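Student: sequence and predicted structure below; questions after.
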Amino acid sequence: MANVGIVIVSHSPKIAEGAADMVRQMVGDSVPLAWTGGNPEGGLGTDVASIIEAIGRAWSDAGVAVLVDLGGAETNTEMAIDMLESGRREKVVVCEAPVVEGAVMAATEASGGATLDAVRRTAEELSPT
Amino acid sequence: MTPFFPHDPVPKNNVMHTGSALLTNDVGLHARPSVKLTQLAKRFGAHVEFSLAKNGPWVDAKSPVKVMRFKAAKGETLHFRASGSDATEALAAIVALVERGFATDGDGSSQTPQV
């Protein structure tokens, strides 16, 4: 089974791309990875259609873990997940974790072939309890 | 918790193998080395733990977050212990990784980027 995919969603395309660079350099190429950030006008924000596309680029039958930054990034990601076809929708989770550290930790877990649930739990270990 | 390996007879399972390696790379066990250590440990079925002292406290080498939180500098010795059917192979591979300064095996570069 393929490794779980990782999607990074930030209001800032620079943050999203930079976090993805860190994942690629530190974890390697064994994990499907995509990022999205900014609104269609080129400003800070997130966009549901772009998030759906990013999930598609990072798609894995093992599932996709999404890291988000603030507010709208999370609500737009939830909306994007709701709009996925049945059968895919159930295999995408949003991790309650800081976006940069969470992406690297989730990808590290995913690179060892862990399940989607294990990947999410590892990312969420970073959050204060 | 004792890990259970269904393919492994129980008595052999209880044998704890140990090893150690000196941290020689300049940054010690920092971000990128931590990820490499975790990824390598995950390739083995064995339960692998490490510590700065021979008697612990022990950290699960397969936990990305616990390994990342672990602080160890150049010049310190990492002690490893492992149990399970491939414990000796796991220890040999991990000790070799630390001893070569976390350089990726076979990529010809001895210089690990300093993250």
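Tutor: The structure has been received and is ready for your questions. Numbering: from 1, shown residues only, chains lettered A, B, ... in the order given.
Student: all helices of chain A, in order?
Tutor: Ranges of helices in chain A, per DSSP state H, are A:13-27, A:48-57, A:72-82, A:99-111, A:116-124.
Student: leaving out the residues flanking it, which one is nearest to whatever residue of chain A ends up closest to chain B?
Tutor: At 3.2 Å from chain B, residue A:112 is the closest residue in chain A, using CB to the nearest CB. Heads up, the C-betas are built off the backbone N, CA and C, glycines and all. Excluding its sequence neighbours, the residue lying closest to residue A:112 (CB to CB, 6 or more residues apart in numbering or on different chains) is residue B:42, at 3.2 Å.
Student: contact partners for the residue of chain A closest to chain B?
Tutor: Each residue near residue A:112 by CB atoms under 8 Å, 6 or more residues apart in numbering or on different chains is listed here: B:38-39, B:42-43, B:62.
Student: what about residue B:27, helix or strand, and which?
Tutor: Following DSSP states H and E, one finds residue B:27 outside all helices and strands.
Student: and the gap between the residue nearest the centre of chain B and residue A:71?
Tutor: Geometric centre of chain B, nearest residue: residue B:94, 4.8 Å, by CA atoms, centre = their mean. Residue B:94 is 42 Å from residue A:71, where distance means CB to CB, to the nearest Å.
Student: show me which of the contacts of residue A:112 is closest to chain A.
Tutor: Checking those against chain A by CB to the nearest CB gives residue B:42 as the nearest, at 3.2 Å.
Student: dump the residue contacts of the closest one.
Tutor: Listed by CB under 8 Å, 6+ apart, the contact partners of residue B:42 are A:111-114, B:62.
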